[in-house]
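**Student:** Predicted model, plus sequence, below.
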Amino acid sequence: MIKYGYLTATASLLMLACNAGNTKHDQGQHTVLDSSVQEGFVAMLDSNTLKGWEGDSSYWRMESGILIGEIKADAEPLKNNTFLIWKGGEPGDFVLKSQFRISADGNSGINYRSERFTELPYALKGYQADIDGQHHYTGQNYEERNRTTLAYRGQQTEIPNPTAGESGASKGNAWSTLIVRDTLATAKELADAVKVGDWNEIEIVAKGNKLSHYINGKLISEVVDNDELHRKQKGLIGVQVHVGPPMKIEYKDMKIKMLD
């Protein structure tokens, strides 16, 4: 996750309602889940162990069905972001849901369609559904160790395919070629979507080149990634503890459904 400017967006919730049930990848048409997607999920967490995951147990543990990532006050400072990586495969099209709770100084996120960054242990490179304790960034799409921000909170964006001589670059912690196609909610609606200091639900829908992030059922960001040079169609899933002050992130009831 990054620390960068906060977006003030305007409402377009009516468009969401009009597009319900439409799963095309055309820009401007938001992904809305229908009832058929609510079935067939597979649990990703063991009740008491880190079985099925790989990472540094200095920062990760399971307690009574809750996955905890923590930097303790008396611990040696974390030098690089560290991930707990799911060993269940490299999903392409899927829906992932999880409850999460984060401390005020927390900085985390769920990576997907990612690959290992082999220069560091337990590091990932790829799309991330951001989560932070102040909820200035929770739900945005940030590409870890690659293109940086692809959509801020409240944005529906398109990342165009590179043209000759213009492959894009990171400028101000955002990808230079991104195009904002729509706004999804006002700043107040975005803030009201998250319960500070409490459990929230995050939902990631990855289908084709469309990547949608929901918090408590509200669409927070959506990317249509047409960038054939950089985009990924499948990859690893992992959860992050970010460098910084002492923090705690908790996940529970994490589940995934593969899409055809």
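**Tutor:** Thanks, I have the structure now.

**Student:** Please enumerate the strands of the stretch 151-260 of the chain.
**Tutor:** Ranges of strands in the stretch 151-260 of the chain, per DSSP state E, counting those that start in this stretch, are 155-159, 170-171, 174-175, 179-183, 200-207, 210-215, 218-225, 236-241, 247-258.

**Student:** Looking at these, spot the one closest to M44.
**Tutor:** Among the strands of the stretch 151-260 of the chain, strand 247-258 comes nearest to M44, with 4.4 Å by Cβ to Cβ. Quick note: C-beta positions are derived from backbone N, CA and C, even for glycine.

**Student:** Direction included, what does the closest one pair against?
**Tutor:** Using DSSP bridges, strand 247-258 pairs in its sheet with strand 42-43 (antiparallel), strand 66-71 (antiparallel), strand 94-102 (antiparallel).

**Student:** Now do the last one: everything it contacts.
**Tutor:** With Cβ atoms under 8 Å, 6 or more residues apart in numbering as the test, strand 94-102 has contacts from 33, 37, 41, 44, 108, 110, 112, 131-133, 197-206, 237, 247-259.

**Student:** thinking again about what came up before, can you put the strands paired with strand 247-258 in CSV and add distance to A193 and mean neighbour count?
**Tutor:** CSV is the format used below for the strands paired with strand 247-258 (distance: least, Cβ to Cβ, whole Å; neighbours: other Cβ atoms under 10 Å):
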stretch, distance to A193, mean neighbour count
strand 42-43, 25, 11
strand 66-71, 23, 20
strand 94-102, 13, 21
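
**Student:** any chance of these in TSV, with mean pLDDT too?
**Tutor:** Converted to TSV, these look like this (pLDDT from 0 to 100):
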stretch	mean pLDDT
strand 42-43	96
strand 66-71	98
strand 94-102	98
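
**Student:** still on that earlier bit, of the strands of the stretch 151-260 of the chain, which is nearest T138?
**Tutor:** That would be strand 210-215 among the strands of the stretch 151-260 of the chain, by Cβ to Cβ, at 6.2 Å.

**Student:** what about the closest one, distance to the chain center?
**Tutor:** When distances are taken as Cα atoms, centre = their mean, to the nearest Å, strand 210-215 is centred 8 Å away from the chain's centroid.

**Student:** going forward, begin numbering at 9 instead of 1
**Tutor:** OK, 9 is where the count begins now, so the last one is strand 218-223.

**Student:** packing partners for it?
**Tutor:** Packing partners of strand 218-223 (3 or more Cβ pairs under 8 Å, 6 or more residues apart in numbering; DSSP states H and E): strand 208-215, strand 226-233.

**Student:** can you give me the helices for the stretch 59-208 of the chain?
**Tutor:** Counting by DSSP state H, counting those that start in this stretch, one finds helices in the stretch 59-208 of the chain at the ranges 195-200.

**Student:** circling back: of all the helices and strands packed on strand 218-223, which gets the most neighbours per residue?
**Tutor:** When these are scored by mean count of other Cβ atoms under 10 Å, the highest mean neighbour count falls to strand 226-233 (a mean of 26).

**Student:** Please pull out the lowest mean pLDDT helix or strand from this structure.
**Tutor:** When the helices and strands of the chain are scored by mean pLDDT, DSSP states H and E, helix 21-26 comes last with a mean of 37.

**Student:** Let me see the contact set for the closest residue to I228 other than its chain neighbours.
**Tutor:** Excluding the flanking residues, the one nearest I228 by Cβ to Cβ, 6 or more residues apart in numbering is G147, at 3.0 Å. G147 makes contacts with 137-139, 161, 198, 201-202, 210, 221-223, 228-229, as judged by Cβ under 8 Å, 6+ apart.

**Student:** how many other residues sit next to the closest residue to D235 other than its chain neighbours?
**Tutor:** Nearest residue to D235, sequence neighbours excluded (Cβ to Cβ, 6+ apart): I167, at 4.5 Å. As a burial measure, I167 scores 24 neighbours (other Cβ atoms under 10 Å).

**Student:** cool, and V251?
**Tutor:** By other Cβ under 10 Å, the residues close to V251 number 13.

**Student:** Double-check it against N88; I have them as touching.
**Tutor:** Yes: with contact defined as Cβ atoms under 8 Å, V251 reaches N88; the gap is 6.4 Å.

**Student:** Perfect, I'm done here.
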